[in-house]
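Student: what shape does this take:
(one chain, ligands or ions: 1)
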Amino acid sequence: MDKTILTRAIEAFGRRSQILKAIEEMAELTVALARVGTSEDINSNEIIEEIADVSIMVEQLALMVGARNVAIFVTQKMQRLEERIDIRREQS
Ligand SMILES: [Mg+2]
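Tutor: Model (predicted):
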């Protein structure tokens, strides 16, 4: 994802505005996902588009707090996820 455009968005619209936009986009994805299995299919264009919206906003949030700081937690949490997968495999 182009960090220059993401940084420009934060500078152009302001942090508070982009935080509120992130909340809005996450809510839209939440609503779309809640409909999966009823009126919505996981592969619907609406869900794909909302995932894209959230991805763009999450990247901006990461830039605000320091993408490197987020990356450290991502690495740790991916390791924990892998451990849980391994435990599940041992149990089955
Ligand atoms: Mg949206």
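Student: from here on, just use CA atoms for contacts and neighbour counts.
Tutor: Noted.
Student: quick one: pLDDT of E40?
Tutor: Listed pLDDT for E40 reads 78.
Student: what's the closest non-adjacent residue to it?
Tutor: In this structure, E40 finds its nearest non-sequential neighbour in A32, 7.2 Å apart by CA to CA, 6 or more residues apart in numbering.
Student: give me the number of residues near that neighbour?
Tutor: A32 has 20 neighbours, counted by other CA atoms under 10 Å.
Student: how near is it to the ion?
Tutor: In this view, A32 and the ion are 10 Å apart by CA to the ion, to the nearest Å.
Student: give the closest residue to I47 in space, chain neighbours not counted.
Tutor: In this structure, I47 finds its nearest non-sequential neighbour in A32, 6.0 Å apart by CA to CA, 6+ apart.
Student: what sits up against the strand or helix carrying the residue nearest to E40?
Tutor: Using DSSP states H and E, A32 falls within helix 15-34. Here helix 15-34 makes contact (CA atoms under 8 Å, 6 or more residues apart in numbering) with 10, 40, 42, 46-47, 50-51, 53-54, 57-58, 60-61, 64.
Student: same for the ion: which of those residues are within range?
Tutor: Contacts with the ion within the contacts of helix 15-34, as defined by CA under 5 Å from the ion: E50.
Student: now, the contacts of helix 15-34 that are in strands?
Tutor: Secondary structure from DSSP state E places none of the contacts of helix 15-34 in strands.
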